[in-house]
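>>> pasting a predicted model and its sequence here:
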Amino acid sequence: MFTAPEPAVRDRMLSARDHACTLLGLADGAGGEVWGYAGRTLSGAVTAPAGPAWLRLVSEPEGKGAGKLWEGPEKAERAMPAAVPRPRLTRLRDWTADGREYRAELYEIVNTPPMSRSPLLSHTVDLPDTWWSDLHQALDHIANVPTDRQAVREQYIHRRVPEFTGITPGEITWTTAHGDLHWANLTGPQLTLLDWEGWGTAPVGYDAANLYLHSLPIPDLSERTRKEFAHVLDTPAGRVGELTACTEILQAATRVPFYADLANGVQQHLDHLKVIDSGA
């Protein structure tokens, strides 16, 4: 999803990946290197004793290996119903070395590739109606999962949404969300939801808004996405989720290149929302 980090981080993570393979009895696969932001995570295909699998390695400074993002995948494996299509987490190993904490997560392999290597699509896609139906059902199942995890904090919404959008959000209606719904975390034409580290409570419409905003570079897809989730987004509760998603993208635009590319489209969409809200 992201480019490879600076050489020192890349070498450290590749060495840790080799150690994880030794701990778990894995052979490195031919799936390449899939990097998270600033080299915090490294993922790729491996061969386990039972066959092909996927290894995700997470790293944090010593003493920081806990909290929402660290525990998200493990807690999702326990909490999410089987009806939510996702890669199943099969094994975990933690260790500390040279002032860093590491977690190796071994998953069942997903044979359907992500829709994009980046959260933003650079090409149009033709998804069947069944894919959209499956996505609606998956999000409905997620919404019904009780949790004390927070994907978005209420304080953030009240403070940052007016700052970045110029709009004061209304009353917040909370639900459980995937928390990072974009095109690199969805597979197709057979649906799987990937990357569960950030799931938790969020305003209604937050997941739908994230998918819509990440679709803006492809007009046909953004139109379809908006239509699919109009029943949520075109409501007062859904508007809060949409404003929150807009805020996060605009705030990240200063440090993440693909969000810098998306920022103009998000700002234009916000201008459109302001016109609608004003009744003009």
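Good, I have the coordinates. Numbers count the residues shown, from 1 in each chain.
>>> only C-alpha atoms for contact and neighbour calcs from this point on.
Will do.
>>> just the CA trace of stretch 105-113, in CSV.
This file holds the C-alpha atoms of stretch 105-113, laid out as CSV (Å, rounded to 0.1, in the frame of the first residue of the first chain):
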residue,chain,number,x,y,z
GLU,A,105,0.2,-12.5,12.7
LEU,A,106,-0.4,-15.6,10.5
TYR,A,107,-3.6,-15.6,8.4
GLU,A,108,-5.3,-17.9,6.0
ILE,A,109,-4.5,-17.0,2.4
VAL,A,110,-7.1,-14.9,0.5
ASN,A,111,-7.0,-15.9,-3.2
THR,A,112,-9.0,-12.9,-4.4
PRO,A,113,-6.7,-9.9,-4.7
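>>> shouldn't Asn92 be within a helix?
I think there's a mix-up here, since residue 92 is Leu and not Asn. No: according to DSSP: H, G, I helix; E, B strand; the rest coil, the state of Leu92 is strand, so it is not within a helix.
>>> surely it meets Glu77?
No: if you go by C-alpha atoms under 8 Å, Leu92 and Glu77 don't touch, sitting 11.5 Å apart.
>>> can you give me the strands for the stretch 151-280 of the chain?
Using DSSP state E, counting those that start in this stretch, the strands of the stretch 151-280 of the chain run over 174-177, 200-203.
>>> which one of these lies closest to Leu193?
Closest to Leu193 of the strands of the stretch 151-280 of the chain, according to C-alpha to C-alpha: strand 174-177, at 11.8 Å.
>>> quick check: mean pLDDT of the closest one?
When pLDDT is averaged along strand 174-177, the result is 98.
>>> next one: stretch 218-237
96.
>>> before we move on, what about stretch 51-65?
Mean predicted confidence for stretch 51-65 is 92.
>>> picking that back up, just name the most buried of the strands of the stretch 151-280 of the chain.
strand 200-203 (a mean of 26; mean count of other C-alpha atoms under 10 Å).
>>> could the C-alpha coordinates of it be exported in CSV?
The C-alpha trace of strand 200-203 is given here as CSV (Å, rounded to 0.1, in the frame of the first residue of the first chain):
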residue,chain,number,x,y,z
GLY,A,200,-14.4,0.0,16.7
THR,A,201,-17.2,2.5,17.3
ALA,A,202,-17.6,5.4,14.8
PRO,A,203,-20.5,7.6,13.7
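>>> who's in contact with it?
With contact meaning C-alpha atoms under 8 Å, 6 or more residues apart in numbering, strand 200-203 is reached by 147-153, 172-179, 237-238, 240-241.
>>> what do you get if the cut-off is 7 Å, keeping everything else the same?
The contact list for strand 200-203 (C-alpha atoms under 7 Å, 6 or more residues apart in numbering) reads 147, 149-152, 172-179, 240-241.
>>> ChimeraX command for the buried members of the residues you listed?
To isolate the buried subset of these in ChimeraX, counting by 16 or more other C-alpha atoms under 10 Å, use the following:
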select :149,150,151,152,172,174,175,176,177,178,179,240,241
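>>> which stretches of the stretch 151-280 of the chain form helices?
In the stretch 151-280 of the chain, the helices defined using DSSP state H, counting those that start in this stretch lie at 154-165, 206-213, 219-228, 230-233, 236-252, 257-278.
>>> host element of Thr124?
Here Thr124 is covered by no helix or strand, with elements defined by DSSP states H and E.
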